[in-house]
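Colleague: sequence first, then the predicted structure:
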Protein chains: 2
Amino acid sequence: MTVSKSAEKSAEATKGRKDATDGPPEALQLGELSEQLGYVLKRAQLKVFENFLRCMASLQLTPAQFSVLLLVEKNPGRNQTEIASTLGILRPNFVAMLDNLESRDLCARIRSTNDRRSHILVLTDKGKAVLTRAKKLVATKHESRLNELLGSANRAALIEMLSKIANEF
Amino acid sequence: MTVSKSAEKSAEATKGRKDATDGPPEALQLGELSEQLGYVLKRAQLKVFENFLRCMASLQLTPAQFSVLLLVEKNPGRNQTEIASTLGILRPNFVAMLDNLESRDLCARIRSTNDRRSHILVLTDKGKAVLTRAKKLVATKHESRLNELLGSANRAALIEMLSKIANEF
DNA sequence: CGATATTTGATATGGTCCATAACAATTATC
DNA sequence: GATAATTGTTATGGACCATATCAAATATCG
C-alpha cells in the first residue's frame, strides 16, 4: 500500500480539478493507448460484432453461428471435429452450439456409415435458406458499411492485413 | 429434425471420402469466411492478445491491466468511474481489477478530499517502474512485429482504419 | 434549512465464452 | 485379439461481461 510522494502530490493537485474551471467534463486523454494495436483491435472487433448482431437480429444468428453455417455449406460431409477445429472452437464447446442449430432445424448431424463414431454435418433446407438470407443481410447492411467508411480499396487492404496478422503473427 | 434430400445425398457422397484418395488430410475450404470482416478481425485480435501475453509474461500484465496503467499514468487524479468508463469497463467489474493492481502495489486508491465518495487513482512508484518496463517490452517485442510483418506505413494505416471502425462504425 | 434525488464504489448474481479432465462407443494399431 | 487412439459428449471451473441493489456521500430544489 506504499503510495509514493509524487502520487500524493498528484492527489492534492487534483483537489482543485472540479472547481478550477467549470467547463465541459474534461474528457480523458487516451495517450499512447490509441496507438496500441491490441487496444484498437479489440475495440474495433466489439463494434463490428455489435453491428453484426443488429443486422442479424431478424435471423437470430451470432457471428459464431454464421461462421459455422458458412463453413458447413462450403464443406458438406465433414464431421464435428473438423468443422470445430478449423473455426478454433474446442470440441466440447461445439456440442451446445450444434444442439442449438439443430434444434432450430438449420443444421443436422448424420451418423457416418464409414466411421460410426463421427457425426457428419449438413445444412438442412431451412438452414440453406436462412444462410442465403443471412449472406444478403451481411452484404447489404454490414459489410457495405466498411466500403462507405473506408472505401473499397482500403477495405480490401484491411482484410488482407488482418488475415496476415491472424495467420503469421 | 427434417433433413433435406440434398442433405442426405451429401452425407452419402461423403461415405467414400476417406477411402477415395489417401492423400493429405484434406484441409477445409474457408470460402467466404476469409472475407468476413468480423471473422478475420476476431482471429487477428486473438493472435495479438496471445502474443501480448507472451511478451508480458515476466511482468504478468494482461492487455486490460496494461491499458489501465497507461490511462492512469496519462490522467492522474481521476476516479474509478472515469477511468473505467473510458476503457469500456463497467464499474462493478472494475473493482476486482483494481483490487488486483492495488494488491500488487502497482496502483493506489486515494480518498478524494473534494468528494469523499470517489477514489482518486494513482500509480505507485512500483507501478510507474513496471509500466516503463512494460512499455519497452511492448515496443520491442510486440509492436515491432507489426512493422516486420506489414511495414511501417501499412502499420500506421491499419491502426488508423481500426480506430475509424472503433469510433464510427 | 431539509427532503429527495443523484453519484460513487462496492457486492451479489447470472450469463456467455473458453479450457481441461474424464467417459463410452467405436475404430486403429500392433 | 489386447492395447491405443479417436469421436462425441458431459461435467466443471475460470475469465469476462451485464444488471440489480446497497450504503455513504453529495447535489438539487422546494
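Modeller: Alright, I've got the coordinates.
Colleague: hmm, residue A:99 and residue A:65 touching each other?
Modeller: No. Between residue A:65 and residue A:99 there is no contact under C-beta atoms under 8 Å: 11.9 Å. In this view, the C-beta of every residue, glycine as well, is placed from N, C-alpha and C.
Colleague: what are the phi and psi angles of residue A:113?
Modeller: Note on residue A:113: backbone dihedrals following degrees, to the nearest 10 are phi -80, psi -20.
Colleague: swap in residue A:120?
Modeller: phi -80, psi 140.
Colleague: and residue A:65 and residue A:99? Which one has more around it.
Modeller: residue A:65 (19 against 12; other C-beta atoms under 10 Å in any protein chain shown).
Colleague: let me see the mean pLDDT of the host helix or strand of residue A:160.
Modeller: Assigned by DSSP states H and E, residue A:160 falls within helix A:152-168. For helix A:152-168, mean pLDDT is 97.
Colleague: which helices and strands sit right next to it?
Modeller: Judged by 3 or more C-beta pairs under 8 Å, 6 or more residues apart in numbering or on different chains; DSSP states H and E, helix A:152-168 is in contact with helix A:144-150, helix B:37-55, helix B:144-150, helix B:152-168.
Colleague: quick one: work out the angle between that helix and helix B:37-55.
Modeller: Helix A:152-168 runs at 40 degrees relative to helix B:37-55, counting by axes from the mean of the first three to the mean of the last three C-alpha atoms, to 10 degrees.
Colleague: distance of the residue nearest the centre of chain A relative to chain B?
Modeller: For chain A, the residue nearest the mean C-alpha position is residue A:49 (4.7 Å; C-alpha atoms, centre = their mean). The gap separating residue A:49 from chain B is 6 Å, by C-beta to the nearest C-beta, to the nearest Å.
Colleague: wait, that residue sits on residue A:67?
Modeller: No. Contact criterion C-beta under 8 Å: residue A:49 and residue A:67 do not qualify, at 11.8 Å.
Colleague: what mean pLDDT does stretch A:42-62 get?
Modeller: 97.
Colleague: do that stretch and DNA strand D meet?
Modeller: No. Stretch A:42-62 does not reach DNA strand D (C-beta under 7 Å from any atom of the strand); its nearest approach is 7.6 Å.
Colleague: for chain A, what lies in contact range of DNA strand C?
Modeller: Residues of chain A lying near DNA strand C by C-beta under 7 Å from any atom of the strand: A:62, A:64, A:89-90, A:92-93, A:115-117.
Colleague: please, where are all the helices along chain A?
Modeller: Assigned by DSSP state H, the helices in chain A fall at A:5-15, A:17-20, A:37-55, A:63-74, A:80-86, A:91-103, A:125-137, A:144-150, A:152-168.
Colleague: so what's the gap between the fourth one and the chain middle?
Modeller: Helix A:63-74 sits 13 Å away from the centroid of its parent chain (C-alpha atoms, centre = their mean, to the nearest Å).
Colleague: what comes into contact with that helix?
Modeller: The contact list for helix A:63-74 (C-beta atoms under 8 Å, 6 or more residues apart in numbering or on different chains) reads A:49, A:52-53, A:56, A:61, A:78, A:83, A:86-87, A:89, A:97-98, A:100-101, A:106-107, A:121-123, A:127-128, A:130-131, A:134, A:138, B:28-33, B:36, B:38-39, B:42.
Colleague: circling back to that earlier point, buried among the residues of chain A next to DNA strand C? Need that as a selection in PyMOL.
Modeller: Command for PyMOL that selects the buried part of these, burial taken from 16 or more other C-beta atoms under 10 Å in any protein chain shown:
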select buried, chain A and resi 64+89
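Colleague: export the residues of chain A next to DNA strand C as TSV, with columns for distance to residue B:146.
Modeller: Shown next, in TSV, are those (distance: C-beta to C-beta, whole Å):
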residue	distance to residue B:146
A:62	29
A:64	27
A:89	27
A:90	28
A:92	34
A:93	30
A:115	43
A:116	48
A:117	43
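Colleague: if I look at the residue nearest to the centre of chain A, how far off is DNA strand D?
Modeller: Residue A:49 sits 10 Å away from DNA strand D, going by C-beta to the nearest atom of the strand, to the nearest Å.
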